[in-house]
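Peer 1: sequence unknown, structure follows:
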């Protein structure tokens, strides 16, 4: 029998149970008593005790959300449809009637929260809280609970932490470069910045129109042909989007062309240093380079991104015609081979000389020219060869160590040298043929440091020095209004450069004046000379000895 206690109150015909707990679930019945007479017992009533309805929060789209988006939070009271009042006394579980709940939305921690109501950006619509145009200050904890008249509240939902990030930006990256060449393969990458671990699908746009069936982060164009603007955007499965990237313009040019230049100059003395630089016209990104000499690929060809090939020290065997080629991408895209660049390395001392008559580097067209290879030992086996705009060839169709050109033309301009049967190249000289009326007369060979350099400005009609002429070095005036002659009495390395002269009748072509150090005779060269000279010296000594003995025998 129940009596008044801390949770039970018996007040005549009413039993009150405060703070019902699961152990209160049982059958209850009552009876009345007058004097010693008890009334009949009413049928037992079964009290069923359940937990308070639970509240949970669902959020769309998934957190984190991006600024500017609309967020919907829904309060789900899991058992709200199971309560039904019957006979004003008991409650049983049915799902055919939904009671009216009043929803309470709160933002912040449990102990310092504020209740949310409909405002300019917040809309409370029963079980749904809508936040329009989310901003970073909306990042907080959110929770809900349901209220119902004459019924207990639902339990408070577990708080949901809403993360708000700046809308990520998409950026298009291009490989190998934004300037590409027709037929080249280009890879575009769509990078979503500050996106964390979010899984994206991608939309690509060409000139503002979506490219269908392309949803990957990487987009490859296997054979680019036309100029176009490309942009991209990231999208999540719940329709969230990144900002669309800025457009990247692919500029498509015709076939790529490699170009080669030389520093400091192509005319060298063995032991000097020289660097060949290969560049791709109008493009500098992602190239590797290959080098060729006389059409043979160099085994030590530099394939780095720098595009330079250095010879230090330069040797006689480095003389030749150099070209380069660039490549990039996978599959590899190749440029056209560069134009040729000739390097000429002159020995500090050589047994073989190329003798030129007239002895100068510039000549008038229609004049004659003779070139011959002279070897201190034997000129046989040496041939005069040349490199011109046309190709590399023998100087003349006739074999032998001498070449004669009866009537020069500008196509005869080029580099001439002596070449042995084994392919050795010696004493290269630059010969220039001019159609104009003025040439610069200078030595074909390098000037020795400390010696005198003399230049003459010659006219076609007289083939002698012009009365008045200006002389220039590397484009700067060095002497003016002279008698057609310029002299430097003590030449130094600083006098090396390109010289030309100018008169009222015209100007000459440019000639490179090379200066060689006075002490530049290597031990190797001396040994070579001695080895070459020893047989002749020995023969001379033997002959002198025989002559001496013969004279002695005669006198006796």
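Peer 2: Cool, the structure landed. Computed from a predicted structure; not experimentally measured.

Peer 1: Other residues contacting the host helix or strand of residue 471?
Peer 2: According to DSSP states H and E, residue 471 maps onto strand 469-473. Residues outside strand 469-473 that contact it (CB atoms under 8 Å, 6 or more residues apart in numbering): 455, 457, 477-482, 484, 486, 495, 497-503. (C-beta placed from N, C-alpha, C; glycine too.)

Peer 1: one more time with 6 Å, if that's ok
Peer 2: 457, 478-480, 482, 484, 486, 497, 499-503 (CB atoms under 6 Å, 6 or more residues apart in numbering).

Peer 1: what's the closest of those residues to residue 124?
Peer 2: residue 497 (86.9 Å; CB to CB).

Peer 1: what's the burial count for that closest one?
Peer 2: Residue 497: 18 surrounding residues under other CB atoms under 10 Å.

Peer 1: Contact partners for it?
Peer 2: 473, 474.

Peer 1: Please apply the same query to residue 44.
Peer 2: Counting by CB under 6 Å, 6+ apart, residue 44 has contacts 27, 29.

Peer 1: rerun that using 8 Å as the cut-off
Peer 2: By CB under 8 Å, 6+ apart, the residues touching residue 44 are 27, 28, 29.

Peer 1: Let's have the residues you listed in JSON lines, adding distance to residue 68, pLDDT and secondary structure.
Peer 2: Shown next, in JSON lines, are the contacts of residue 44 (distance: CB to CB, whole Å; pLDDT from 0 to 100; DSSP: H, G, I helix; E, B strand; the rest coil):
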{"residue": "27", "distance to residue 68": "60", "pLDDT": "90", "secondary structure": "strand"}
{"residue": "28", "distance to residue 68": "59", "pLDDT": "88", "secondary structure": "strand"}
{"residue": "29", "distance to residue 68": "64", "pLDDT": "87", "secondary structure": "coil"}
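
Peer 1: What are the buried residues along the host helix or strand of residue 59?
Peer 2: Per DSSP H and E: residue 59 is located in strand 55-60. Across strand 55-60, burial judged by 16 or more other CB atoms under 10 Å covers 55, 57, 59.

Peer 1: next one: stretch 502-517
Peer 2: For stretch 502-517, a neighbour-count test (16+ other CB under 10 Å) marks 502, 503, 507, 508, 509, 510, 511, 512, 513, 514, 515, 516 as buried.

Peer 1: Isn't the fourth one up against residue 442?
Peer 2: Spelled out, that is residue 508. No. Look at residue 508 against residue 442 with CB atoms under 8 Å: they stay out of range, at 9.7 Å.

Peer 1: what sits in contact with each of those two?
Peer 2: residue 362.

Peer 1: So, low pLDDT: which residues of the stretch 351-500 of the chain?
Peer 2: Applying pLDDT under 70 to the stretch 351-500 of the chain flags residues 376-380, 390, 397-399, 463.

Peer 1: thinking again about what came up before, can you pick the most crowded of the contacts of residue 44?
Peer 2: residue 28 (13 neighbours).

Peer 1: list the contacts for it?
Peer 2: 15, 44, 45, 46, 47 are the contacts of residue 28 under CB under 8 Å, 6+ apart.

Peer 1: Now do the same for the fourth one: its pLDDT.
Peer 2: Put plainly, it is residue 46. Note for residue 46: predicted pLDDT of 90.

Peer 1: Show me what it is bridged to.
Peer 2: residue 27 (DSSP bridges).

Peer 1: So it is in contact with residue 26, correct?
Peer 2: Yes. Using CB under 8 Å, residue 46 makes contact with residue 26 at a distance of 7.5 Å.

Peer 1: Local confidence estimate at residue 509?
Peer 2: 93.

Peer 1: which SSE is it in?
Peer 2: Using DSSP H and E, no helix or strand contains residue 509.

Peer 1: cool, and residue 275?
Peer 2: Secondary structure (DSSP H and E) places residue 275 in strand 274-280.

Peer 1: what angle separates the helix or strand that comes right after that strand from strand 274-280?
Peer 2: Downstream of strand 274-280, the first helix or strand assigned by DSSP H and E is strand 288-293. For strand 288-293 against strand 274-280, the angle by axes from the mean of the first three to the mean of the last three CA atoms, to 10 degrees is 130 degrees.

Peer 1: What pairs with strand 288-293, parallel or antiparallel?
Peer 2: strand 296-297 (antiparallel), strand 320-328 (antiparallel).

Peer 1: next structured bit after the shortest one?
Peer 2: Think strand 296-297. strand 308-311.

Peer 1: buried set for that following strand?
Peer 2: Here strand 308-311 shows 309, 311 as buried, counting by 16+ other CB under 10 Å.

Peer 1: Mean pLDDT per helix and strand in this protein: which one sits at the bottom?
Peer 2: The helix or strand of the chain with the poorest confidence is strand 83-86; it has a mean of 40 (mean pLDDT, DSSP states H and E).

Peer 1: ok so, going back, check which residues of the strand holding residue 275 are buried.
Peer 2: Buried, per 16+ other CB under 10 Å, within strand 274-280: 274, 276, 277, 278, 279, 280.

Peer 1: list the contacts for the fourth one?
Peer 2: Just to be clear, that refers to residue 278. 258, 259, 260, 289, 291, 307, 308, 309, 324, 325, 326, 338.

Peer 1: what about the closest residue to it other than its chain neighbours, neighbour count?
Peer 2: Once flanking residues are discounted, residue 278 sits nearest to residue 324: 3.6 Å by CB to CB, 6 or more residues apart in numbering. By other CB under 10 Å, 27 other residues sit near residue 324.

Peer 1: rewinding a little: paired strands for the strand holding residue 471, with orientation please.
Peer 2: According to DSSP bridges, strand 469-473 has these partners: strand 476-482 (antiparallel), strand 497-503 (antiparallel).

Peer 1: Cool, thanks, signing off.
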